[in-house]
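Peer 1: Based on what follows, work out the 3D shape:
(chains A and B)
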Amino acid sequence: MNYEVVNRDICVGSIRVIGVSSSSLLMVGDTNSIQLTSLFDTPPASLIIGPFVPLAPQG
Amino acid sequence: MLKRTSKVDSLKLDSAGIASVIQIGDSKGINSFTRTIAVQREKELFFSNEGNFNVYGIFSYPLPIPPIDEPLTIQSTSLNSFIKVGSIDVLAISAASILHIGSSEHIQSEARTLQIRHLEPREKSNRNDALGGG
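Peer 2: Predicted structure coming up:
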């Protein structure tokens, strides 16, 4: 595949952002490749109803 | 690829945390990674040494990244060698996020979060109250 890009003038007045989170990117510039991944899991098993015992400690 | 020059007049960032990167200037490669176990308990209770990433599948789950097997030819032309931005105002960046002013080659970032909600056992009398009994 041949992919041709022509970058013309770009001039931005102001950028206002509240938050950039969980493997996100705010970039002013050029790059060859970007690879951003984010996994979020809250399975049914993660809703625990029971006495407050600690989770398994680090091994 | 001819890279352009980024021109930013002012940058305001209030907070940066948890494996986040602020890069001003060109870079070759950025790689950031974070993993989180977010525990929300009904009672305010914190144990300092708990949590084992190996126990939960999300932290070892392989990423389903499709392979790029197609031959790709990129030709880019920049008619203006500047990217101009007046001002950037960001409240916060967090969890393996990146704020980059300037050019790069390869940017890679990965964040994995497991959320656990931990509630107290419900008493029978509470249920009666909720039903309007008592």
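
Peer 1: When you work out contacts or count neighbours from here on, use the C-alpha atoms and nothing else.
Peer 2: Noted.

Peer 1: for the closest residue to A:Gln58 other than its chain neighbours, what are its contacts?
Peer 2: Distances taken as C-alpha to C-alpha, 6 or more residues apart in numbering or on different chains place B:Asn52 nearest to A:Gln58, at 4.4 Å, with adjacent residues excluded. By C-alpha atoms under 8 Å, 6 or more residues apart in numbering or on different chains, B:Asn52 lies in contact with A:Leu55, A:Ala56, A:Pro57, A:Gln58, A:Gly59.

Peer 1: what's the burial count for the first one?
Peer 2: The burial count assigned to A:Leu55 is 12, neighbours taken as other C-alpha atoms under 10 Å in any protein chain shown.

Peer 1: for B:Ile58, same thing?
Peer 2: 17.

Peer 1: doesn't A:Ser38 make contact with it?
Peer 2: No. With contact defined as C-alpha atoms under 8 Å, B:Ile58 does not count as touching A:Ser38 (10.7 Å).

Peer 1: Heading C-terminal from the helix or strand hosting B:Arg35, find the next helix or strand.
Peer 2: Taking DSSP states H and E as the definition, one finds B:Arg35 inside strand B:29-41. Per DSSP H and E, the first helix or strand lying C-terminal to strand B:29-41 is strand B:73-78.

Peer 1: So which elements touch that following strand?
Peer 2: Here strand B:73-78 touches strand A:2-7, going by 3 or more C-alpha pairs under 8 Å, 6 or more residues apart in numbering or on different chains; DSSP states H and E.

Peer 1: can I get the contacts of B:Asn52 in a markdown table with pLDDT and secondary structure?
Peer 2: Listed next are the contacts of B:Asn52 as a markdown table, based on pLDDT from 0 to 100; DSSP: H, G, I helix; E, B strand; the rest coil:
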| residue | pLDDT | secondary structure |
| --- | --- | --- |
| A:Leu55 | 81 | coil |
| A:Ala56 | 79 | coil |
| A:Pro57 | 81 | strand |
| A:Gln58 | 73 | coil |
| A:Gly59 | 66 | coil |
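
Peer 1: nearest to B:Lys84, of those residues?
Peer 2: The nearest member of the contacts of B:Asn52 to B:Lys84, counting by C-alpha to C-alpha, is A:Gln58 at 47.8 Å.

Peer 1: check contacts around that closest one.
Peer 2: Taking C-alpha under 8 Å, 6+ apart as the test, what A:Gln58 contacts is B:Asn49, B:Glu50, B:Gly51, B:Asn52, B:Phe53.

Peer 1: quick one, what contacts the third one?
Peer 2: With contacts taken as C-alpha under 8 Å, 6+ apart, B:Gly51 has the following neighbours: A:Pro54, A:Leu55, A:Ala56, A:Pro57, A:Gln58, B:Ile37.
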